[in-house]
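Novice: Curious how this folds, go ahead:
(one chain, ligands or ions: 2)
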Amino acid sequence: MNSGQTEGATPLDPNETAGLLLTHLTTREELNYWEQQNINEAEQWAFARRQTDLLSQKFICRLHKKMFGNVWKWAGRFRNSYKNIGIDPWQIATETASLCENTRTWITHATYQPDEIAVRFHHRLVQIHPFPNGNGRHARLMTDLIVKQILHQPLFNWGSENLTSPNETRKKYINALQVADRQLDFAPLLEFVRS
Ligand SMILES: Nc1ncnc2c1ncn2[C@@H]1O[C@H](COP(=O)(O)OP(=O)(O)OP(=O)(O)O)[C@@H](O)[C@H]1O
Ligand SMILES: [Mg+2]
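Specialist: Ligands and ions are numbered 1, 2, ... in the order given. Below is the predicted model of the structure:
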């Protein structure tokens with residue numbers, strides 16, 4: 001059940017593994033499958049209506065719950081544990097709220113081009129790493145919703161490949177996030193999302 005084999009993935013700690021609602025699952029493949037079913041439902045729900053409170057802590061948690069609530073007991077709740085990626089757990093609520101506020105300001109003042117606003121939001125959300133797991137998939141869907149419903153841009157392609165399995169495309173994605181981490185340079189990520 002440990003996702004440590006995939007580069008850039010968050011290992012689950014035993015408390016979190018204990019939160020698996022589908023107790024009949026025995027392999028990671030089965031888990032991936034049921035998570036994906038849940039995510040498909042969540043995507044349909046999310047895009048079917050105009051979300052008026054997208055940039056809020058409440059919606060961030062609500063979307064995570066919609067995406068993983070059939071599979072994980074802790075879906076939609078911020079983590080209490082420390083991770084190899086992510087800020088200290090006690091800072092998550094305030095940092096998430098200030099990310100939402102900053103993003104609203106960037107939009108109001110057109111501080112950056114629309115794609116760059118979306119990419120900066122995405123990078124900071126995965127850097128915060130609010131949840132025990134599912135942060136990458138959740139932050140990509142959050143970003144897609146912002147791109148579509150607030151920025152009115154065509155959706156990102158995210159490298160046009162499955163980012164959850166360990167492949168070249170995922171490597172590029174993680175590298176681009178790391179360049180943004182180290183150098184505050186968003187160019188590689190900006191290019192990646194439209195590739
Ligand atoms: N060095 C890094 N800097 C910033 N973000 C990172 C870094 N490494 C990984 N990430 C982000 O963390 C995500 C993995 O976190 P987590 O396992 O919680 O998400 P997931 O949705 O389960 O995984 P995945 O995105 O692989 O499907 C990656 O998708 C990526 O967005
Ligand atoms: Mg994961």
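Novice: Check this structure for its longest helix and report it.
Specialist: Longest helix of the chain, by residue count under DSSP state H: helix 28-48.
Novice: next one: that helix to chain centre, how far?
Specialist: Taking Cα atoms, centre = their mean, to the nearest Å, one finds helix 28-48 lying 14 Å from the centre of the chain it belongs to.
Novice: Buried residues in it, which are they?
Specialist: Leu31, Trp34, Glu35, Asn38, Ile39, Ala42, Glu43, Ala46 (16 or more other Cβ atoms under 10 Å). Where you see a C-beta, it was placed from the backbone N, CA and C, and this is true even at glycine.
Novice: average pLDDT for it?
Specialist: Helix 28-48 shows a mean pLDDT of 93.
Novice: That one near ligand 2 anywhere?
Specialist: No: Helix 28-48 does not reach ligand 2 (Cβ under 5 Å from the ion); its nearest approach is 9.2 Å.
Novice: Now do Asn84 against His129, distance only.
Specialist: Separation of Asn84 from His129 (Cβ to Cβ, to the nearest Å): 9 Å.
Novice: Who has more neighbours out of these two?
Specialist: Shown here are Asn84 and His129; by other Cβ atoms under 10 Å, His129 has more neighbours (21 against 10).
Novice: contacting residues for that one?
Specialist: Contacts for His129 (Cβ atoms under 8 Å, 6 or more residues apart in numbering) come out as Thr10, Arg79, Lys83, Ile85, Gly86, Ile87, Asn135.
Novice: Thr103: neighbouring residues, count only.
Specialist: Thr103 has 21 nearby residues by other Cβ under 10 Å.
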